[in-house]
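**Student:** What follows is a predicted structure for the sequence shown.
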Amino acid sequence: MKKLLMIGLGLMMAGVITSINAAEYPNRPITFMTMTQPGAQIDRLTRGLSQRMSKILGQPINVKNVTGSHGTVMATELSKSKPNGYSLGVTSLTAYTYAPHHAKLIYKPDDFDYLTLVALNSSGFISKKDKPWNTLKEAFAWHKKNNKAMVAMFHGADDRDAIIRIAKKEGVKLSLIPSKGGPSVIKAVTGGHASVGYVGAILYKHVEAGSIKLIAAALGDRLPPIPDVPTLREQGYDEQVEMIVALVAPKGLDAGTKAKLLAAANKLANDKETQEFITGNLLMRPVKWGEAHADNTAKELYKTFGEQAKMK
């Protein structure tokens, strides 16, 4: 009887401690992991969100760059983190919805809580300004005519697989180079190491500077700042590549901690300055915020990509 009483008291104390920890959250610095190099568009987004959410939560939020395989390296580290609200990720959903169908990973999509979407990264395929083509279609035609392999730098598995399918359709050989984020793609393209590269909204400032040109919009529609460049579909390719960025946590956050994070995210969703930072400063597309929408989006994308993978 005494032993049972002690066990009962132990369980009660554990519950009390958990409640206290949740009530105190956060009581120390938080880390936002990001999947790209410093200076990349998603890195800039992560740092902007960390500064704004830090003011709301009352604790510093540090940014940790965990690069590799377009987010799967970061997702792996995040999956090993304690679900206590102190390790979160700002990342493309690709690592959680597309990559699991095409690579052996130690994590599953269900190992995470998708707290909210934050932005859709404008993206496209680029080339150096002086290349003798202005569209992706023309780039493939040039390589085919000159019997040359196209050197292409990719961001993640989704854009890599898209360019592979397009090259197969066009009958052009590919030489693929993985990237560590937008800056590395820009460097490779402008340095002549890659003829074509896939990159996010960081492309705008380099197009404006005249060092690169957009040769295909990767989203479902054209990019408003560069409306003359056709999409992949308009160039005859049944392809669309989207970098939907979300705030993600390891599965298992206690209710109190999750509620505080969701409340902070909701404030940012309704903050005009934050939304202007995302759409005006970073030139990313707006998205619907909220946990339910993020969770549904992740599930729908995982299902869609799974069906596509089966058709291979």
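**Tutor:** Great, that's in hand.
**Student:** CA atoms for contacts and neighbours, from now on please.
**Tutor:** OK.
**Student:** which stretches of the chain form strands?
**Tutor:** With strands called from DSSP state E, the chain shows them at 30-34, 61-65, 87-92, 112-121, 124-128, 150-154, 174-178, 196-199, 212-217, 243-250.
**Student:** possible to save these as a markdown table with mean pLDDT?
**Tutor:** Compiled in a markdown table, the strands of the chain are given as follows (pLDDT from 0 to 100):
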| stretch | mean pLDDT |
| --- | --- |
| strand 30-34 | 97 |
| strand 61-65 | 97 |
| strand 87-92 | 96 |
| strand 112-121 | 96 |
| strand 124-128 | 98 |
| strand 150-154 | 96 |
| strand 174-178 | 94 |
| strand 196-199 | 96 |
| strand 212-217 | 98 |
| strand 243-250 | 96 |
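**Student:** and of the ones you listed, who's closest to Lys55?
**Tutor:** strand 61-65 (9.3 Å; C-alpha to C-alpha).
**Student:** hang on, the earlier thing: check the strands of the chain for me and report the most buried one.
**Tutor:** strand 196-199 (a mean of 29; mean count of other C-alpha atoms under 10 Å).
**Student:** Pairing partners for that strand, with directions?
**Tutor:** strand 124-128 (antiparallel), strand 150-154 (parallel) (DSSP bridges).
**Student:** chain center to the last one, what's the gap?
**Tutor:** On the basis of C-alpha atoms, centre = their mean, to the nearest Å, strand 150-154 is displaced by 20 Å from the centre of the chain it belongs to.
**Student:** okay, the angle between it and strand 174-178?
**Tutor:** Here strand 150-154 points in a direction 30 degrees away from that of strand 174-178 (axes from the mean of the first three to the mean of the last three C-alpha atoms, to 10 degrees).
**Student:** Using PDB, write out every CA atom in strand 150-154.
**Tutor:** The C-alpha atoms that make up strand 150-154 are tabulated as PDB, following Å, rounded to 0.1, in the frame of the first residue of the first chain:
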ATOM      1  CA  MET A 150      23.600  20.800 -69.000                       C
ATOM      2  CA  VAL A 151      25.200  21.500 -65.700                       C
ATOM      3  CA  ALA A 152      22.400  22.300 -63.300                       C
ATOM      4  CA  MET A 153      22.600  23.200 -59.600                       C
ATOM      5  CA  PHE A 154      19.600  22.100 -57.600                       C
END
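**Student:** now what about that strand, what contacts it?
**Tutor:** Counting by C-alpha atoms under 8 Å, 6 or more residues apart in numbering, strand 150-154 makes contact with 140, 143, 160, 172-179, 185, 188, 193-199, all of which sit outside it.
**Student:** how does this structure divide into domains?
**Tutor:** 28-121+242-310, 124-235 (automatic domain parsing).
**Student:** what about the longest one, how long is it end to end?
**Tutor:** Which is domain 28-121+242-310. With C-alpha to C-alpha, to the nearest Å as the measure, domain 28-121+242-310 spans 45 Å from end to end.
**Student:** where exactly do the helices run in the stretch 101-250 of the chain?
**Tutor:** 136-145, 157-170, 182-190, 203-209 (DSSP state H, counting those that start in this stretch).
**Student:** and the last one, what does it pack onto?
**Tutor:** If I follow you right, that is helix 203-209. strand 212-217 (3 or more C-alpha pairs under 8 Å, 6 or more residues apart in numbering; DSSP states H and E).
**Student:** which one is Ile42 nearest to, not counting chain neighbours?
**Tutor:** Nearest residue to Ile42, sequence neighbours excluded (C-alpha to C-alpha, 6 or more residues apart in numbering): Thr36, at 6.6 Å.
**Student:** Next, count neighbours for that neighbour.
**Tutor:** Residue crowding around Thr36 was assessed by other C-alpha atoms under 10 Å; the count is 31.
**Student:** go on, the one 10 residues further on?
**Tutor:** Using other C-alpha under 10 Å as the criterion, Thr46 is surrounded by 26 other residues.
**Student:** Please renumber the chain so that the first residue is 12 from this point on.
**Tutor:** Fine by me, first position is 12 from now on; the one you just mentioned is Thr57.
**Student:** these two touch, right, it and Val74?
**Tutor:** Yes. Using C-alpha atoms under 8 Å, Thr57 is in contact with Val74, at 7.3 Å.
**Student:** Quick check: neighbours shared by those two?
**Tutor:** Joint contacts of Thr57 and Val74 (C-alpha under 8 Å, 6+ apart) are Phe43, Thr45.
**Student:** since we're on the closest residue to Glu253 other than its chain neighbours, how many residues are nearby?
**Tutor:** Closest residue to Glu253 apart from its sequence neighbours, by C-alpha to C-alpha, 6+ apart: Leu230 at 5.9 Å. As a burial measure, Leu230 scores 20 neighbours (other C-alpha under 10 Å).
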